[in-house]
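K.L.:
need coordinates for the below:
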Amino acid sequence: MSGSPPSAHVLLSEYEQAIAPTDRFEDSEITPILLGLFGEVGSVMSTSKKLQREKTAFTGFQRDVEEELGDTLWYVAALCRRLDVKLSDMFARVLDGNGYAVSIAANADPAHPVAQVMTAKDIAPLDSVLLRLGEQAAKLLNLDVTAGTAKDQVLSFVRVYIEAIQAAHVSFSAVLSSNMAKACGRFIASNPDDLPDFDADFPEEEQLPRYFEIEISQRADGRSYLRWNGVFIGDPLSDNIADEDGYRFHDVFHFANTAILHWSPTFRALIKHKRKSRKHVDEAQDSGRAIVIDEGLSAYIFSYAKSVNFFEDQKTVSFDLLKAVRNFVRGYEVEACPLHLWEYAILQGYEVFREVRKNNGGIIVGNRDERTLHYKTAGK
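P.N.:
Predicted coordinates:
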C-alpha cells in the first residue's frame with residue numbers, strides 16, 4: 001500500500017497472477033467465494049445509495065466505489081480459478097461480443113505502444129446497472145460448478161460488471177492497482193528490505209531510536225510513569241474511564257508502532273526527536289495533526305480490542321479493522337506500510353500490553369532493525 005498513483009496500464013493477467021497467492025480458501029470451497037462476491041456487490045450498491053442520499057457531501061464516493069469494485073473482482077477471480085478459467089479470458093469473451101465500440105489508442109507503456117479501447121455503446125444510469133449486477137450476483141449464489149452453464153453464468157456477471165465500471169466513472173486501472181496493493185499487503189509478507197524506514201535519511205538525533213528500553217511503572221496514585229535512559233518522559237497517565245481497563249499503559253502501542261512500523265509522532269514528541277531539519281516533514285508528519293492521528297488510532301483500536309479480550313489467543317486481526325486503520329492514516333507517511341505489518345504491530349503491541357497490565361508495569365524493549373517489541377520484568 002504505497003500510496004503511489006495507479007499505473008495507467010495494468011494487465012488483467014498480471015492482476016490474476018499477483019492476487020492468486022492471497023486466496024486462502026481451499027480450492028474446493030465455493031460457498032465462501034459466492035457469499036463474499038454477493039456481499040461485495042451489496043457494498044457497491046450501499047456506496048451508491050450514500051451518494052444518492054448525501055449528494056456532494058459524500059466526498060469519498062470515487063475512492064469507496066473503486067475499493068468495493070476491486071474487492072468484487074477479487075472474488076470473481078477466485079471463482080474463475082475454481083472453474084479453471086482465466087479472468088482475462090472471461091473479459092475477452094465479453095468484449096468480443098456485440099454492444100462495444102472499439103477504438104485504437106496510443107499507450108503510455110513503451111512495451112505496449114498500441115492498445116484497443118473498448119467502450120460500451122449505451123450505458124444505463126449507475127443505479128440501474130447496479131441493480132442488474134445485484135441480480136447477477138444473486139443468481140450466482142445457486143451456482144453449480146459442475147454444470148456446463150457455470151462459466152456462462154460468470155460471464156453474464158462479468159458483462160454487467162464491466163458496465164458498472166463505466167457507469168461509475170472510475171478508473172479500472174485504479175481498481176486493479178489498489179486491490180492488488182490491498183490484498184497483497186494484507187496476505188503476503190514483504191521483503192524486509194522493501195519496507196519503509198521513514199527517517200533513515202535524517203540526522204541520528206532526529207531519528208526514532210533503533211533500539212530502546214522503556215520502563216513503565218505504576219505508583220500509589222494509580223498513574224503510569226515512563227522512564228527512558230533514566231529520565232522520566234511524558235505525563236503520568238490514568239485510565240480516564242469509570243471501569244479500569246489499563247489504558248493508562250497505552251503508550252505501549254506507540255512503542256509498537258515505533259519498533260515495527262518505524263512510525264509514531266507521539267513517541268517522537270515525547271523524546272524530542274522530531275525531524276525539524278525539514279520543515280515540511282516536521283509540520284506534516286511529526287506535529288499536531290499527525291500526533292492526533294497516532295493517539296486517535298490508539299484509542300480506536302483499543303475500543304475494538306476490549307471486545308475481543310485484547311487479542312489474547314488471536315493470531316490474526318479482522319480485515320475490517322485493518323481497512324479502518326488504513327483509512328485512518330490516509331495521507332500520512334505510514335500509509336506506505338502494508339496491512340500485514342499493521343497486523344503484526346497490533347498483535348505484538350497487545351501481547352506486550354497484556355503483560356504490562358497484568359504486572360502493572362515492566363520494561364518494553366523495542367528493536368527497529370528487527371521490527372520487534374518485547375516485554376521483560378523490571379529488574380531482570
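K.L.:
from now on I want contacts and neighbour counts done on CA atoms only, so please keep to that.
P.N.:
Will do.
K.L.:
let me know the outermost residue of the chain.
P.N.:
residue 220 (41.1 Å; C-alpha atoms, centre = their mean).
K.L.:
what ranges do the strands span in the stretch 101-250 of the chain?
P.N.:
Here the stretch 101-250 of the chain has its strands, by DSSP state E, counting those that start in this stretch, at 114-120, 211-218, 224-228, 231-237.
K.L.:
so for residue 173, which of those sits nearest?
P.N.:
Counting by C-alpha to C-alpha, residue 173 lies closest to strand 114-120 out of the strands of the stretch 101-250 of the chain; the figure is 13.0 Å.
K.L.:
returning to that earlier point: reformat the strands of the stretch 101-250 of the chain as CSV; add distance to residue 193.
P.N.:
Listed next are these as CSV, based on distance: least, C-alpha to C-alpha, whole Å:
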stretch, distance to residue 193
strand 114-120, 35
strand 211-218, 18
strand 224-228, 29
strand 231-237, 32
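K.L.:
if I look at the residue farthest from the centre of the chain, how far off is residue 362?
P.N.:
Going from residue 220 to residue 362 by C-alpha to C-alpha, to the nearest Å gives 16 Å.
K.L.:
got it, and residue 248?
P.N.:
Applying C-alpha to C-alpha to residue 248 and residue 362 gives a distance of 13 Å.
K.L.:
same thing with residue 328?
P.N.:
Per C-alpha to C-alpha, residue 328 is found 30 Å from residue 362.
K.L.:
more neighbours: these two, which one.
P.N.:
Ranked by neighbour count (other C-alpha atoms under 10 Å), residue 328 and residue 362 place residue 362 first, with 23 against 16.
K.L.:
biggest helix in the protein by residues?
P.N.:
Using DSSP state H to define each element, the chain has its longest helix at helix 31-54.
K.L.:
for that one, output the C-alpha coordinates as PDB.
P.N.:
Only the C-alpha atoms of helix 31-54 are listed here, as PDB (Å, rounded to 0.1, in the frame of the first residue of the first chain):
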ATOM      1  CA  THR A  31     -19.700 -21.100  -0.900                       C
ATOM      2  CA  PRO A  32     -17.500 -18.600   0.900                       C
ATOM      3  CA  ILE A  33     -16.400 -17.200  -2.500                       C
ATOM      4  CA  LEU A  34     -20.100 -16.800  -3.600                       C
ATOM      5  CA  LEU A  35     -21.100 -15.200  -0.400                       C
ATOM      6  CA  GLY A  36     -18.100 -12.900  -0.500                       C
ATOM      7  CA  LEU A  37     -19.000 -11.900  -4.000                       C
ATOM      8  CA  PHE A  38     -22.600 -11.200  -3.100                       C
ATOM      9  CA  GLY A  39     -21.500  -9.200  -0.100                       C
ATOM     10  CA  GLU A  40     -19.200  -7.000  -2.000                       C
ATOM     11  CA  VAL A  41     -21.800  -6.300  -4.700                       C
ATOM     12  CA  GLY A  42     -24.000  -5.200  -1.800                       C
ATOM     13  CA  SER A  43     -21.300  -2.900  -0.600                       C
ATOM     14  CA  VAL A  44     -21.100  -1.300  -4.000                       C
ATOM     15  CA  MET A  45     -24.800  -0.700  -4.000                       C
ATOM     16  CA  SER A  46     -24.700   0.700  -0.500                       C
ATOM     17  CA  THR A  47     -22.000   3.100  -1.600                       C
ATOM     18  CA  SER A  48     -24.200   4.300  -4.500                       C
ATOM     19  CA  LYS A  49     -27.100   4.700  -2.000                       C
ATOM     20  CA  LYS A  50     -24.900   7.000   0.100                       C
ATOM     21  CA  LEU A  51     -24.100   9.100  -3.000                       C
ATOM     22  CA  GLN A  52     -27.800   9.500  -3.700                       C
ATOM     23  CA  ARG A  53     -28.600  10.400  -0.100                       C
ATOM     24  CA  GLU A  54     -25.700  12.700   0.700                       C
END
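K.L.:
now it: buried residues?
P.N.:
33-34, 36-45, 47-48, 51 (16 or more other C-alpha atoms under 10 Å).
K.L.:
same deal with stretch 195-202?
P.N.:
196, 197, 198.
K.L.:
per-residue pLDDT of residue 90, please?
P.N.:
Looking at residue 90, its pLDDT is 94.
K.L.:
contact partners for it?
P.N.:
Contact analysis of residue 90 by C-alpha atoms under 8 Å, 6 or more residues apart in numbering lists 155, 158.
K.L.:
which element is it on?
P.N.:
helix 87-95 (DSSP states H and E).
K.L.:
roughly how far is that helix from the heart of the chain?
P.N.:
28 Å (C-alpha atoms, centre = their mean, to the nearest Å).
K.L.:
repeat that for stretch 125-136.
P.N.:
Relative to its parent chain, stretch 125-136 has a centroid offset of 27 Å by C-alpha atoms, centre = their mean.
K.L.:
do you know how far the residue lying closest to residue 352 once chain neighbours are set aside is from residue 226?
P.N.:
Excluding its sequence neighbours, the residue lying closest to residue 352 (C-alpha to C-alpha, 6 or more residues apart in numbering) is residue 375, at 5.6 Å. Distance from residue 375 to residue 226, counting by C-alpha to C-alpha: 14 Å.
K.L.:
got it, and residue 13?
P.N.:
Taking C-alpha to C-alpha, one finds residue 13 at 52 Å from residue 226.
K.L.:
same question for residue 308.
P.N.:
Using C-alpha to C-alpha, residue 308 is found at 27 Å from residue 226.
K.L.:
same question, residue 246
P.N.:
15 Å.
K.L.:
between these two, which is the more surrounded one?
P.N.:
residue 226 (21 against 18).
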